[in-house]
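Student: Here's a sequence, model it:
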Amino acid sequence: MLKKISAENIRDLRSKTGAGMTDCKKALEASGGQIDIAIETLRKKGLASADKKLSRVATEGLVESYVHAGSRIGVLVELNCETDFVARRQEFHQLAKDIAMQIAACHSVLYVSRDNMPCEVISYEKNLELQKEDLINKSTQMREKIALGRLEKRFKELCLLDQVFIKNTEITIEELVKQHIALLGENIKIRRFQRFILGEGLDIKNSDFVGEVSNMIQVN
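Tutor: You can find the predicted model right below:
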């Protein structure tokens, strides 16, 4: 016997997924009222529909900022969508904030995706792996295979979309963006970002105050 789907069940699922009322009802009916299965069903459908929107032009959006506690790390990120209407949505703003926070937390991230990685960086990383001592005595084929496996891991460390979302470790940033594409009905792209770390790039001189005072006394 099928479990009766109440309006409260549908509202609960809608609040958790952002999907439409009709879609929520159908998902609950198909899952026999099991909300976890219904969420997974909607998520899969959402991601599938999001893929169809990825080629659409996204030129609206916003620039979001995040400054970590202590004001030593700051981030600027540009997040694009298709219309100004979606750019004003609370869900879009929250996504931008979450992405900015993610960038601040992941110091190894340098690129939005692998498509943004310069060819020279990819070549450098590959040559670096191939020249490692533990691969020297292995066959060319084996060296290539091991190096490619290590490169895959390295690229995931460098690229934002491959990162595990810090607020929900069951999804990546790419999946998070696709969920919002499904929710908001528009293509969404992380265009660029910049991380600022206090003092980064400066030549910090060690100050020996006691030594300086001693030298001054000796001179006098």
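
Student: where along this structure do the helices fall?
Tutor: Ranges of helices within the chain are 7-17, 21-30, 35-53, 84-87, 90-105, 119-130, 140-158, 173-184, 209-219, based on DSSP state H.

Student: The residue nearest the centre of the chain and Cys159, how far apart?
Tutor: For the chain, the residue nearest the mean C-alpha position is Ile173 (3.5 Å; CA atoms, centre = their mean). Going from Ile173 to Cys159 by CB to CB, to the nearest Å gives 9 Å. For the C-beta atoms, the positions are set from N, CA and C on the backbone; glycine is no exception.

Student: Could you do Ile99 as well?
Tutor: For Ile99, the distance to Cys159 equals 13 Å [CB to CB].

Student: Please produce a markdown table containing the helices of the chain, extended by distance to Ile73 and mean pLDDT.
Tutor: Output for the helices of the chain, formatted as a markdown table (distance: least, CB to CB, whole Å; pLDDT from 0 to 100):
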| stretch | distance to Ile73 | mean pLDDT |
| --- | --- | --- |
| helix 7-17 | 32 | 79 |
| helix 21-30 | 39 | 82 |
| helix 35-53 | 30 | 73 |
| helix 84-87 | 26 | 93 |
| helix 90-105 | 5 | 96 |
| helix 119-130 | 23 | 81 |
| helix 140-158 | 18 | 80 |
| helix 173-184 | 18 | 90 |
| helix 209-219 | 29 | 53 |
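
Student: So what's the predicted local confidence for the residue nearest to Asp98 when sequence neighbours are not counted?
Tutor: Excluding the flanking residues, the one nearest Asp98 by CB to CB, 6 or more residues apart in numbering is Lys167, at 6.4 Å. Lys167 carries a pLDDT value of 94.

Student: My guess is Lys53 contacts Leu183. True?
Tutor: No. When contacts are counted by CB atoms under 8 Å, Lys53 is not listed as touching Leu183 (11.5 Å).

Student: if we can go back for a sec, so who does the residue nearest to the centre of the chain touch?
Tutor: Residues near Ile173 by CB atoms under 8 Å, 6 or more residues apart in numbering: 99, 102, 160-163, 165, 190.

Student: Quickly note the distance from the residue nearest to Asn9 when sequence neighbours are not counted to Asp84.
Tutor: The shortest distance from Asn9 to any non-neighbouring residue, by CB to CB, 6+ apart, is to Leu28 (5.8 Å). Separation of Leu28 from Asp84 (CB to CB) stands at 34 Å.

Student: of those two, who's got more company?
Tutor: Counted by other CB atoms under 10 Å, Leu28 and Asp84 do not tie: Leu28 has more neighbours, with 24 against 10.

Student: can you tell me which residues contact that one?
Tutor: Here Leu28 is in contact with 5, 9-10, 13, 35, 38 (CB under 8 Å, 6+ apart).

Student: Outline the domain layout of this protein.
Tutor: 7-53, 57-116+159-199, 118-157 (automatic domain parsing).

Student: Give me the distance from the second one to the chain's centre.
Tutor: The gap between where domain 57-116+159-199 is centred and where its chain is centred comes out at 6 Å by CA atoms, centre = their mean, to the nearest Å.
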